[in-house]
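S.K.: Predicted coordinates and the sequence they were generated for:
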Amino acid sequence: MSKIEQYTIIAFSENAVGLLNRITIIFTRRHVNIESLTVSESSLHGIHKFTIVVNTTQDMVQKITKQIEKQVEVLKAYYFTKDEIIFQEIALYKVSTEALLKSNMIETIVRESNARIIEITAEYTVIEKTGHEFETSKLFAELNKHGYVKQFTRSGRIAVTRSNAELLTEFLNARQQEQIELSRN
Amino acid sequence: MSETRKITGSEAVILSLIEEGTEVIFGYPGGAIMPVYDALYGFADRIKHVLTRHEQGAIHAAEGYARATGKVGVVMATSGPGATNLITGIADAMIDSTPIVAITGQVGAALLGTDAFQETDVVGISMPVTKWNIQVTRPEDIPGAIAKAFYIARSGRPGPVLIDLTKNAQFGTLDYKYEKCHFIRSYVPKPTPDESKIIEAAKLINSAQKPYVLVGQGVILANAEEEFRAFIEKSGIPFAWTLLGASAMPIDHPLNVGMLGMHGNYAPNIKTNECDVLIAVGMRFDDRVTGDLNRYAKQAKVIHLEIDPAEVDKNVKTTVAVLGDVKETLPLLTRLVEKRDHSQWRKEFDECYEIEKQKVIQHEMYPSKPGLTMAEVIRRINEQTNGDAIIVTDVGQHQMIASRYFKYTNKRSLITSGGLGTMGFGLPAAMGAKIGKPDKQVICVVGDGGLQMTIQEFGTIMEYNIPVKIVLLNNHFLGMVRQWQQLFFERRYSMTELKNPDFMKVAEGYELNHQKVTERAQLDEAISNMLKSDKAFLLEVVVEKEDNVFPMVPSGASVSDILLEATN
Ligand SMILES: Cc1ncc(C[n+]2csc(CCOP(=O)(O)OP(=O)(O)O)c2C)c(N)n1
Ligand SMILES: [Mg+2]
């Protein structure tokens, strides 16, 4: 119960102003740091998806998830361990083009790590790598062995579940049914 | 209302409130809400407005109104300081699940974010303490926002919502058409009861030897007092109540064993750690009820009947969680529980009560020393009203004494600030309660400290002739804090003794009937005068300066370690 693990919370919401704030204060109030947070559209029209990564206990993530779901504009919220979802992050690395051309070392690293070069100018080269955090970190460490990395950034996590459709579909169908019944009465 | 017509946003505010059945608005005007006040001017015959003397008074009055009637309390204020003055009351309503719609004015949309005069981000400030809030910047969005606000405030677990209206939205025009809100896709106010959980809960209850029920405000909010009674009477299970669950059942019900919590009764606290099945009905295991969670009901299987999924397993881990509105889940459970008689077990509570009576209650209620006690004042109020009154308290020792000793007879007869413990709540909340329930005797029990936090509301009471009865239990101390200083800080009375005004002169200035009692012999007649008065009445009773409230579960202690008297 008290073991700290990495959890990914996925919450579906209506597109409402201020909701991001309502969600983040749930974490700050409990001193739980948000490791990464991404908001995007979902496969369902008009419905947004929050993907939030935290390191905490199961007890805490459960309570936080319920508090998120309690917000009026949140449709549903779920939490997952690493094995329950398929996830990716993306990282960008900026190195000097001079360093790239000096030897084939950078090129070899890029090849071996399945990264790719997305822009080359006379001054700088931008490398992109998608993967899990340990992979993008490893590439950073390799590229930076000789201090080549001038800029680095990594995105928040994006994730899909192993279920067939969006988990939300069932909920939406049930709600639609309720609405129809309500309007009949 | 199906045809549309063109009106201003401000008129739409008032019309929408009328559509929602609003009888009274508690409020205070100012620059950014003036258009709405202007519209109000034309509707004086259809909606009442009570001008309080401070926005905090307005919001607490709205809370008192809502708590007494079960309807949504409506409060209105201007932007900036008007809005921020509401925040304490909004936070109070949030933690005590009180349905409130707060409407605040805001600077024009074009000025948002410019630090304009009296611009504050009230939507941001109120976010953690509202169930929902919204800023409306277009007149056409006003009716929809108000409809949603009322639906959210009163459905499911009730709570406060806030609508911030920019000035341009108030001035602009719209094609007005009002449609009540009954459904929001993303919001499920009541979970649907799960039959299997009810069966599981019933099994546990039917196999219990020492079952014990804790009842909270959930039963009152759901109007499920009768359903609760049926459950109790069939199952034969003794029950205790939380501070906010007071008056869910009359005090003299044979299975009523008293109040829970830090200053609750002895038996209800002790027996929590002796029962085998604990059944929590519409309560949230506040720390003032549980004491140290690591030593709370560890021996018991816990059943939790609760409307808010986020409350389940929050503080106490449950064996069976029965989600849903208790108005629906209680009858389902009652059907499945067997008729039982737990009189042996019930008797154990009586034995504890005897101990408490001897050590505490007897000398509180019938003191032998000359100084007046708070409890004897409440006892005499009981005798003269026979419990047929609404008690509204402030926060402190007098609150605990009133809650412990009032003879609850009617539903919704205790209105008190529980979760937030807001001093200054009592007087304005009593005004709101009296406005909501004009035929009831409304008695505000207040301390000398708390009264002075919202004493300006004497002005409102005078202007609107609101006949509330105010019992000031004056110990010349911030008594509850002094008690803690005595017990836990070596009697270092830091900043707790008060030099008070002549309250009789204050009452006189505000044209309230008034009387001051310093001797026991005067008390009965004074209370009788107060109750008979058809005007507001301030009864000041000078009580012992350094009395303590007992029993007490010291903070951090287990409910089993409840103290019956001071150890130092
Ligand atoms: C707004 C606010 N400030 C401070 C407190 C802390 N507090 C709790 S009880 C209390 C003393 C109340 O004194 P009084 O109103 O005289 O009541 P008594 O305890 O003497 O009956 C104080 C200061 C509070 N609950 N609310
Ligand atoms: Mg006092």
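M.R.: Here it is on my side, so go on. Ligands and ions are numbered 1, 2, ... in the order given.

S.K.: Same question for stretch B:384-400: list its buried residues.
M.R.: By neighbour count with 16 or more other C-beta atoms under 10 Å in any protein chain shown, stretch B:384-400 contains the buried residues B:384-385, B:387, B:389-400. Any C-beta I mention is one placed from the backbone N, CA and C, and that applies to glycine too.

S.K.: Which of those fall within helices?
M.R.: Among the buried residues of stretch B:384-400, the members falling in helices (DSSP state H) are B:384-385, B:397-400.

S.K.: want to throw these into TSV with distance to A:A115 and pLDDT?
M.R.: Output for these, formatted as TSV (distance: C-beta to C-beta, whole Å; pLDDT from 0 to 100):
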residue	distance to A:A115	pLDDT
B:Q384	85	98
B:T385	80	98
B:Q397	69	98
B:H398	71	98
B:Q399	66	98
B:M400	67	98
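
S.K.: could I get the longest helix seen in chain A in CSV with only the CA atoms?
M.R.: When chain A is scanned for its longest helix (criterion: DSSP H), the result is helix A:168-184. Extracted in CSV, the C-alpha atoms of helix A:168-184 (Å, rounded to 0.1, in the frame of the first residue of the first chain):
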residue,chain,number,x,y,z
LEU,A,168,-14.9,5.9,-22.0
THR,A,169,-17.3,4.6,-24.6
GLU,A,170,-19.3,2.4,-22.2
PHE,A,171,-19.8,5.3,-19.9
LEU,A,172,-20.9,7.6,-22.7
ASN,A,173,-23.4,5.0,-23.9
ALA,A,174,-24.9,4.6,-20.4
ARG,A,175,-25.1,8.4,-20.0
GLN,A,176,-26.9,8.7,-23.3
GLN,A,177,-29.4,6.1,-22.3
GLU,A,178,-30.0,7.9,-19.0
GLN,A,179,-30.6,11.2,-20.9
ILE,A,180,-33.1,9.6,-23.2
GLU,A,181,-35.0,8.1,-20.2
LEU,A,182,-34.9,11.4,-18.4
SER,A,183,-36.4,13.3,-21.4
ARG,A,184,-39.2,10.6,-21.6
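
S.K.: ok, and does that helix reach over to chain B?
M.R.: Yes. Using C-beta under 8 Å from any C-beta of the partner chain, we find that helix A:168-184 touches chain B at A:172, A:175, A:178-179, A:182.

S.K.: Near B:N256, how many other residues are there?
M.R.: 20 (other C-beta atoms under 10 Å in any protein chain shown).

S.K.: Which positions are bridged to it in the beta structure?
M.R.: B:F239 (DSSP bridges).

S.K.: my read: it touches B:M249, true?
M.R.: Yes. At 5.6 Å, B:N256 and B:M249 qualify as touching, with contact defined as C-beta atoms under 8 Å.

S.K.: any common contacting residues for the two?
M.R.: With contacts defined as C-beta atoms under 8 Å, 6 or more residues apart in numbering or on different chains, the residues shared by B:N256 and B:M249 are B:239, B:241.

S.K.: Partner strands of the lowest-mean-pLDDT helix or strand in chain B and their direction?
M.R.: Every helix and strand of chain B was ranked by mean pLDDT, DSSP states H and E. The lowest is strand B:5-8, at a mean of 92. With DSSP bridges as the test, strand B:5-8 is paired with strand B:173-176 (antiparallel).

S.K.: Quick one: mean pLDDT for the helix or strand that the partner strand is followed by?
M.R.: Counting by DSSP states H and E, the next helix or strand C-terminal to strand B:173-176 is helix B:195-207. Helix B:195-207 carries an average pLDDT of 98.

S.K.: Can you check what angle separates the following helix or strand past helix B:195-207 from helix B:195-207?
M.R.: Per DSSP H and E, the first helix or strand lying C-terminal to helix B:195-207 is strand B:211-215. Going by axes from the mean of the first three to the mean of the last three C-alpha atoms, to 10 degrees, strand B:211-215 is angled at 130 degrees with respect to helix B:195-207.

S.K.: Now strand B:211-215 - C-alpha only, CSV.
M.R.: Output in CSV follows, covering the C-alpha atoms of strand B:211-215 (Å, rounded to 0.1, in the frame of the first residue of the first chain):
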residue,chain,number,x,y,z
PRO,B,211,-23.4,-3.6,15.2
TYR,B,212,-23.1,0.1,15.6
VAL,B,213,-24.4,2.9,13.3
LEU,B,214,-22.9,6.3,12.8
VAL,B,215,-25.2,8.8,11.1
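
S.K.: per-residue confidence averaged over that strand?
M.R.: 98.

S.K.: Does the very next helix or strand once past it reach chain A?
M.R.: Counting by DSSP H and E, the next helix or strand C-terminal to strand B:211-215 is helix B:217-221. No. Using C-beta under 8 Å from any C-beta, helix B:217-221 stays clear of chain A, coming no nearer than 15.6 Å.

S.K.: Which secondary structure elements does helix B:217-221 sit against?
M.R.: helix B:225-235 (3 or more C-beta pairs under 8 Å, 6 or more residues apart in numbering or on different chains; DSSP states H and E).

S.K.: Okay, angle between the helix it packs on and helix B:195-207 too, please.
M.R.: Going by the same axes, to 10 degrees, helix B:225-235 makes 50 degrees with helix B:195-207.

S.K.: Which other helices and strands does helix B:225-235 contact?
M.R.: Right, helix B:225-235 is packed against strand B:211-215, helix B:217-221, helix B:326-336 by 3+ C-beta pairs under 8 Å, 6+ apart.

S.K.: Could you name the helices and strands sitting against the last one?
M.R.: If contacts are counted by 3+ C-beta pairs under 8 Å, 6+ apart, helix B:326-336 sits against helix B:195-207, helix B:225-235, strand B:301-306, strand B:320-323.

S.K.: Excluding chain neighbours, what is closest to whichever residue of chain A sits closest to ligand 2?
M.R.: Nearest residue of chain A to ligand 2, counting by C-beta to the ion: A:R29, 32.3 Å away. The shortest distance from A:R29 to any non-neighbouring residue, by C-beta to C-beta, 6 or more residues apart in numbering or on different chains, is to B:P128 (7.1 Å).

S.K.: okay, now that neighbour: neighbour count?
M.R.: Neighbours around B:P128, by other C-beta under 10 Å: 15.

S.K.: Would you state the strands of chain A in chain order?
M.R.: A:5-13, A:34-41, A:48-56, A:74-81, A:85-96, A:116-120, A:124-131, A:149-154, A:158-161 (DSSP state E).

S.K.: so what does the first one touch, helix or strand wise?
M.R.: Applying 3+ C-beta pairs under 8 Å, 6+ apart, one finds that strand A:5-13 contacts strand A:48-56, helix A:58-70, strand A:74-81, strand A:85-96, strand A:158-161.

S.K.: Tell me which of those sits nearest to B:V161.
M.R.: Nearest to B:V161, of all the helices and strands packed on strand A:5-13, is helix A:58-70, at 14.0 Å by C-beta to C-beta.

S.K.: So what touches that closest one?
M.R.: A:1-3, A:5, A:7, A:9, A:11, A:23, A:26-27, A:30, A:32, A:50, A:54, A:56, A:74, A:76-79, B:308-310, B:312-314.

S.K.: In it, which residues are buried?
M.R.: For helix A:58-70, by 16+ other C-beta under 10 Å, it's A:60-70.

S.K.: Looking at those residues, which is nearest B:R67?
M.R.: Closest to B:R67, out of all of these and judged by C-beta to C-beta, is A:K70, at 22.3 Å.

S.K.: Most proximal residue of the stretch 251-400 of chain B with respect to ligand 1?
M.R.: B:G396 (2.4 Å; C-beta to the nearest ligand atom).

S.K.: My read is that that residue contacts B:L451, right?
M.R.: No. Between B:G396 and B:L451 there is no contact under C-beta under 8 Å: 10.4 Å.

S.K.: What score does residue 143 have for pLDDT?
M.R.: With no chain named, the answer covers chain A. Value listed for A:L143 in the pLDDT field: 95.

S.K.: Can you look at chain B instead?
M.R.: So B:P143 comes in at 98 (pLDDT).

S.K.: between the strands of chain A, which gets nearest to B:F406?
M.R.: strand A:74-81 (40.6 Å).

S.K.: Next, the contact list for the residue most central in space within chain A, please.
M.R.: In chain A, the centroid-proximal residue (C-alpha atoms, centre = their mean) is A:R157; its distance is 1.8 Å. By C-beta under 8 Å, 6+ apart, the contact list for A:R157 reads A:8, A:36, A:38, A:51, A:53, A:87-89.
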